[in-house]
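In: My questions are about this predicted structure, shown below with the sequence.
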Amino acid sequence: MTTVERSGMIPATPDTVWAALADFGAISAWATNVDHSCLLTEQETGIGTARRIQTGRTTLVETVVTWTAPTTDQPGALAYSLAGLPKVVRSVTNTWSLTQDGAGTAVTLTSTIDTGPRPPQKVVAKVVGRKLAAASDEMIAGLTSHLASHIATTETNA
């Protein structure tokens, strides 16, 4: 297994960040590297919820495997498996973790990649990890920008 972790600070409450992540079918509203997204299940929240995303010529299906809304006692976590990657990639799971940090939310996006145990497979995992790291950085930046504009609009209308 290879793990890639990216982090950022979002100037919003964990509940506000969670609301954007929990609108699972709407990732294309804030992730600039996602061209299109839609839910594939009637279920809109919780474990088992699935979405289809289009990024360039690649289509992926992402299915929720962990759904823990943040509370005052525990950080939030949203994890989903990715299907539709090349067959050399056995599995990928992305996990978003949210923790209150001062006036904002510390966000960590961890990608866990399984390509197998052999040395050539580990090389593939490193290459996939670099691509996922870049995509994670872009998603965190997009979420931060989206929430900043949402908060500014809310404050202007108040």
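Out: The structure has been received and is ready for your questions.
In: Can you identify each of the strands in the protein by residue range?
Out: 2-10, 36-39, 50-55, 58-68, 76-83, 91-101, 104-114 (DSSP state E).
In: which helix of this structure spans the most residues?
Out: Ranked by residue count under DSSP state H, the longest helix found in the chain is helix 119-157.
In: Now do it: distance to the chain's middle.
Out: Centre-to-centre, helix 119-157 and its host chain are 7 Å apart (C-alpha atoms, centre = their mean, to the nearest Å).
In: average pLDDT across that helix?
Out: What helix 119-157 shows for mean pLDDT is 87.
In: Any chance of a markdown table for the strands of the chain, columns mean pLDDT and mean neighbour count?
Out: From N, CA and C alone the C-beta is placed, and that goes for glycine too. Output for the strands of the chain, formatted as a markdown table (pLDDT from 0 to 100; neighbours: other C-beta atoms under 10 Å):
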| stretch | mean pLDDT | mean neighbour count |
| --- | --- | --- |
| strand 2-10 | 96 | 17 |
| strand 36-39 | 97 | 14 |
| strand 50-55 | 97 | 17 |
| strand 58-68 | 97 | 16 |
| strand 76-83 | 97 | 19 |
| strand 91-101 | 96 | 18 |
| strand 104-114 | 96 | 20 |
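In: Show me the one of those strands that comes nearest Ala148.
Out: Shortest distance between Ala148 and these, using C-beta to C-beta, is found for strand 2-10: 8.2 Å.
In: Strand partners (parallel or antiparallel) of the closest one?
Out: strand 104-114 (antiparallel) (DSSP bridges).
In: how far out from the middle of the chain is the partner strand?
Out: 7 Å.
In: Then stretch 117-126?
Out: That offset, for stretch 117-126, works out to 24 Å (C-alpha atoms, centre = their mean).
In: Restricting to C-alpha, output it in PDB.
Out: Written as PDB, here are the backbone C-alpha positions of stretch 117-126 (Å, rounded to 0.1, in the frame of the first residue of the first chain):
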ATOM      1  CA  PRO A 117       3.500  -6.000  -3.400                       C
ATOM      2  CA  ARG A 118       6.000  -6.600  -6.200                       C
ATOM      3  CA  PRO A 119       8.600  -3.900  -6.900                       C
ATOM      4  CA  PRO A 120       7.200  -3.000 -10.400                       C
ATOM      5  CA  GLN A 121       3.800  -2.600  -8.800                       C
ATOM      6  CA  LYS A 122       5.200  -0.300  -6.100                       C
ATOM      7  CA  VAL A 123       6.700   1.900  -8.900                       C
ATOM      8  CA  VAL A 124       3.200   2.200 -10.400                       C
ATOM      9  CA  ALA A 125       1.800   3.100  -7.000                       C
ATOM     10  CA  LYS A 126       4.300   5.900  -6.700                       C
END
